[in-house]
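In: Fold the following, please.
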Amino acid sequence: VGAVCGIAADIVSCLCSANPAVNPLISVGAMTVGAAAGISARYVIKKHGRAQYALCVCYARGYGTTPSPFRAGAWLKSAAEGGCADAQFQMGVRSENGDGEEKDVQKAYEWYQKAFDQKHGPAAKAIGRLFEFGLLGGEADVGAAYEWYGFAIQYGDESAKEDRIRAEGKLDREFSKEPG
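Out: Numbering: from 1, shown residues only. Coordinates of the predicted model:
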């Protein structure tokens with residue numbers, strides 16, 4: 001019971017934080033309603049990837065609670081495994097950089113792919129970068145990168161436009177070198 005109350009208190013603290021960066025996470029407020037109705041907060045959180053990601057952000061940034069990288073990482077992984085695209089993308093970043101995870105670019109690619117499957121623009125951009133710079137263990141594939149950057153733009157990541165222009169320039173240089 002104490003653990004459930006602690007989790008519910010963490011959620012309420014996070015949601016009541018005055019920090020404007022938390023405001024997009026207010027949709028998680030339904031959990032407090034569920035808790036008030038006698039539904040276990042732990043059950044609600046286990047079934048809601050966005051709620052798990054909200055707690056990750058709260059612990060990572062110290063919104064309404066003491067910062068805890070360990071708790072943030074645990075909630076991030078749970079959210080990613082639960083299907084939250086933002087969390088899957090962040091797990092990819094962590095795997096690629098070795099931040100709290102063993103550095104593993106192939107695993108990063110898999111996390112990015114899961115997020116991309118949910119039309120996550122930054123994940124498409126990250127995959128494009130992996131291809132453009134040959135970070136997946138093979139040679140660079142600028143053509144594939146160009147396509148991935150296009151998906152990123154299509155799914156709302158406007159910052160991928162510069163990457164796509166850069167990749168296009170590389171492709172132009174490659175084709176101008178070919179005989180014939």
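
In: All the strands of this protein, residue numbers only.
Out: Ranges of strands in the chain, per DSSP state E: none exist.

In: how about the helices in it?
Out: When secondary structure is read from DSSP state H, the chain shows helices at 2-16, 30-36, 41-46, 49-61, 69-81, 85-97, 105-116, 121-132, 142-154, 160-177.

In: can I get those helices in a markdown table with mean pLDDT?
Out: Listed next are the helices of the chain as a markdown table, based on pLDDT from 0 to 100:
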| stretch | mean pLDDT |
| --- | --- |
| helix 2-16 | 47 |
| helix 30-36 | 42 |
| helix 41-46 | 62 |
| helix 49-61 | 89 |
| helix 69-81 | 93 |
| helix 85-97 | 97 |
| helix 105-116 | 98 |
| helix 121-132 | 98 |
| helix 142-154 | 98 |
| helix 160-177 | 92 |
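
In: Rebuild those as TSV, extending it with mean neighbour count.
Out: Heads up, the C-betas are built off the backbone N, CA and C, glycines and all. Shown next, in TSV, are those (neighbours: other CB atoms under 10 Å):
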stretch	mean neighbour count
helix 2-16	16
helix 30-36	16
helix 41-46	18
helix 49-61	23
helix 69-81	19
helix 85-97	23
helix 105-116	20
helix 121-132	24
helix 142-154	20
helix 160-177	14
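
In: where's the spatially closest residue to Glu132 that is not a sequence neighbour relative to Gly83, distance?
Out: Among residues not flanking Glu132 along the chain, Ala145 sits closest, at 3.5 Å (CB to CB, 6 or more residues apart in numbering). Separation of Ala145 from Gly83 (CB to CB, to the nearest Å) stands at 27 Å.
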